[in-house]
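> Build the 3D model from these lines:
(one chain, ligands or ions: 1)
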Amino acid sequence: MPTHACDRPFPRHCPECGKVEVQPAAIAYDAEVKHDGRLYSFRIPALQINKCAACGEVLFSNVTDDQISQALREHLSLLSPYQIREALRALGLKQKELGDRIGVAPETISRWISGTHIQSRAMDNLMRLFFAFENVRSVLAGSVPDQNLGAIVPEQVASSLPGLTERPRVVAQLCATRTRFSRLFSDNVRRRRESFELTPTLN
Ligand SMILES: [Zn+2]
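Reported below is the predicted structural model:
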């Protein structure tokens, strides 16, 4: 694994051979990155690195790390920091409000938006649902959601809930109404989101 270099002018000193011949370069790089408990392998065609012209030593920089993180997000089709930020802006929500509603510390939201951390698939799904559906935002508006939300409930409770005629039934107050699709996301993401469409009858 290449070592890191700090921010100094080029050409830089090579920690391997000692010559001052380290310059920025781009290489094709087969990344193996562990995320969310799994190992992912993917190719980055032009990874920005620093390389010693004398001995060929490759050094990573912060730019390299950022590029690998971004490539991992794209490989996993996770929301980008830009998409999260723009969704919040479009909805008029602050980072802290998003954190409060989905149950994540504001510092965590901040790390997702700054790009220093990458959200899990589960959190990515939750954020997509939250951004896409007014009803999701509505039921998560309080600090604690309705205790029956998503739970199997007895007949007498289920019969009092709108849209539920059979039981036992998973309570979903998120039925039917879909919010307008914003133009924040690509067609690809939009198609993916449609697979999350909620119905009142979850069997
Ligand atoms: Zn060298």
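> What parts of this protein come near the ion?
14, 16-17, 52, 54-55, 57 (Cβ under 5 Å from the ion). Just so you know, the C-beta spots here come from the backbone N, C-alpha and C atoms, and that holds for glycine as well.
> Swap in 8 Å and give it another go.
Neighbours of the ion within the chain, by Cβ under 8 Å from the ion: 14-19, 21-22, 52-57.
> Could you pick out the buried ones from the residues you listed?
The neighbour count (16 or more other Cβ atoms under 10 Å) marks 14, 21-22, 52, 57 as buried among those.
> which stretches of the protein form strands?
3-4, 12-13, 20-35, 38-52, 58-60 (DSSP state E).
> Could you list the domains of this structure?
Following automatic domain parsing, one gets these domains for the chain: 3-76, 81-194.
> Ranked by average pLDDT, which of the ones you listed falls at the bottom?
Note on the domains of the chain: lowest mean pLDDT is at domain 81-194, with a mean of 77.
> how much space between the nearest residue to Tyr40 once chain neighbours are set aside and Ile118?
Spatial nearest neighbour of Tyr40, excluding adjacent residues (Cβ to Cβ, 6 or more residues apart in numbering): Val33 at 5.4 Å. Distance, Val33 to Ile118, using Cβ to Cβ, to the nearest Å: 9 Å.
> surely Arg101 meets Ser138?
No - the criterion here is Cβ atoms under 8 Å, and Arg101 misses it with Ser138 at 9.9 Å.
> who's more crowded, these two?
More neighbours surround Arg101 than the other of Arg101 and Ser138, with 20 against 13 (other Cβ atoms under 10 Å).
> Report the separation between that one and Asn62.
For Arg101 relative to Asn62 (Cβ to Cβ), the value is 32 Å.
> Ala53 too?
If you go by Cβ to Cβ, the gap between Ala53 and Asn62 works out to 22 Å.
> what does Tyr29 give?
The separation that Tyr29 has from Asn62, given Cβ to Cβ, amounts to 16 Å.
> rewinding a little: for the buried ones among the residues of the chain next to the ion, which two are the farthest from each other?
Glu21 and Glu57 (9.5 Å; Cβ to Cβ).
> ok, which stretches of the protein are helices?
Per DSSP state H, the chain carries helices over the ranges 62-76, 81-91, 95-102, 106-114, 121-132, 134-139, 155-158, 187-194.
> Return the longest one as PDB; C-alpha atoms alone will do.
Going back to what we said before, that points to helix 62-76. Extracted C-alpha coordinates of helix 62-76, given in PDB (Å, rounded to 0.1, in the frame of the first residue of the first chain):
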ATOM      1  CA  ASN A  62      -5.500  13.400   0.400                       C
ATOM      2  CA  VAL A  63      -6.700  13.900  -3.100                       C
ATOM      3  CA  THR A  64      -6.100  10.200  -3.800                       C
ATOM      4  CA  ASP A  65      -8.100   9.200  -0.700                       C
ATOM      5  CA  ASP A  66     -11.000  11.500  -1.700                       C
ATOM      6  CA  GLN A  67     -10.900  10.100  -5.200                       C
ATOM      7  CA  ILE A  68     -11.100   6.500  -3.900                       C
ATOM      8  CA  SER A  69     -14.000   7.400  -1.600                       C
ATOM      9  CA  GLN A  70     -15.900   9.000  -4.500                       C
ATOM     10  CA  ALA A  71     -15.200   6.000  -6.700                       C
ATOM     11  CA  LEU A  72     -16.500   3.700  -4.000                       C
ATOM     12  CA  ARG A  73     -19.700   5.700  -3.600                       C
ATOM     13  CA  GLU A  74     -20.200   5.600  -7.400                       C
ATOM     14  CA  HIS A  75     -19.500   1.900  -7.400                       C
ATOM     15  CA  LEU A  76     -22.100   1.200  -4.700                       C
END
